[in-house]
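1. turn this into a structure:
(2 chains)
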Amino acid sequence: KNEVEQSPQNLTAQEGEFITINCSYSVGISALHWLQQHPGGGIVSLFMLSSGKKKHGRLIATINIQEKHSSLHITASHPRDSAVYICAAPVNQFYFGTGTSLTVIP
Amino acid sequence: EAQVTQNPRYLITVTGKKLTVTCSQNMNHEYMSWYRQDPGLGLRQIYYSMNVEVTDKGDVPEGYKVSRKEKRNFPLILESPSPNQTSLYFCASSYYRASTDTQYFGPGTRLTVL
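-> Residues are numbered from 1 along each chain as shown, chains lettered A, B, ... in the order given. Next up, the predicted model:
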């Protein structure tokens, strides 16, 4: 069983496109994390959100706790956004989605 | 600089030879955790610790040991490594609770067991 499901698994976009990555989870959580993993392998935390919407630059994350669903949006995508995006649902331990590999073509 | 450090960054070893991967954070975080990342399986949690002397199993603890004797350090021990433990390992920490605090990740350790 997968506590966290992400879609799509792979995504190729043209520079400038609007991108959406979806995450659904089955565990009861108080906040959901979005992570970014660059081609070099390092992982950084993008967002942690428990309700509504958060924005950081061109990245927007939304969550609906009742429906157990979150989305990550990238506006005006750029080749430097190419990375793997991972959603994570923490109880005390973490449950991770398998990631969405995004490639933005110039 | 606030950071999580791991050593070594790369390690090639042979089956059965005990090894330790160190993890240290300088942010006075209470929560620390180890993950492994494998193609097609994503990140999976091995062990986590909510405070000194408190550790709990994650999804895939078999074949691993941890200890948390000091707040800043959380080493991962492979007593008898096997080829199926070949993976990319990440240590991470957060201030207090995993559910509500930002996770800070180490740079990763790529382990190959022959």
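2. hey, let's count contacts and neighbours off CA atoms from now on
-> Fine.
3. how about residue 89, what does it touch?
-> All of this refers to chain A. A:4, A:25, A:27, A:29, A:31-33, A:95-96, B:99 (CA atoms under 8 Å, 6 or more residues apart in numbering or on different chains).
4. nope, chain B please
-> B:34-37, B:108-111.
5. out of those, who's near chain A?
-> B:Gly108 (CA under 8 Å from any CA of the partner chain).
6. okay, the contacts of B:Tyr89 in TSV with pLDDT next?
-> Formatted as TSV, the contacts of B:Tyr89 follow (pLDDT from 0 to 100):
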residue	pLDDT
B:Trp34	97
B:Tyr35	97
B:Arg36	97
B:Gln37	96
B:Gly108	97
B:Thr109	97
B:Arg110	97
B:Leu111	98
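7. relative to B:Lys69, which of the contacts of B:Tyr89 is nearest.
-> B:Trp34 (15.6 Å; CA to CA).
8. and the closest one, bridged to which residues?
-> B:Tyr47, B:Cys91 (DSSP bridges).
9. can you list which of the contacts of A:Ala89 are found in strands?
-> Judged by DSSP state E, the subset of those located in strands is A:4, A:25, A:32-33, A:95-96.
10. now render the residues you listed as a markdown table, adding neighbour count, distance to chain B and pLDDT.
-> Formatted as a markdown table, the ones in strands among the contacts of A:Ala89 follow (neighbours: other CA atoms under 10 Å in any protein chain shown; distance: CA to the nearest CA, whole Å; pLDDT from 0 to 100):
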| residue | neighbour count | distance to chain B | pLDDT |
| --- | --- | --- | --- |
| A:Val4 | 19 | 11 | 92 |
| A:Tyr25 | 23 | 14 | 94 |
| A:Leu32 | 27 | 8 | 93 |
| A:His33 | 25 | 8 | 95 |
| A:Tyr95 | 23 | 7 | 90 |
| A:Phe96 | 26 | 6 | 93 |
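11. from those, pick the one nearest B:Phe74.
-> Of all the ones in strands among the contacts of A:Ala89, A:Tyr95 has the smallest distance to B:Phe74: 20.2 Å, by CA to CA.
12. separation between the nearest residue to that closest one once chain neighbours are set aside and B:Thr22?
-> Nearest non-adjacent residue to A:Tyr95, counting by CA to CA, 6 or more residues apart in numbering or on different chains: A:Ala89, 5.1 Å away. Here the criterion is CA to CA, to the nearest Å. By it, A:Ala89 lies 26 Å from B:Thr22.
13. about what we covered before: and the ones in strands among the contacts of A:Ala89 as JSON lines, adding distance to A:Ala13?
-> Below are these laid out as JSON lines (distance: CA to CA, whole Å):
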{"residue": "A:Val4", "distance to A:Ala13": "24"}
{"residue": "A:Tyr25", "distance to A:Ala13": "25"}
{"residue": "A:Leu32", "distance to A:Ala13": "25"}
{"residue": "A:His33", "distance to A:Ala13": "23"}
{"residue": "A:Tyr95", "distance to A:Ala13": "27"}
{"residue": "A:Phe96", "distance to A:Ala13": "24"}
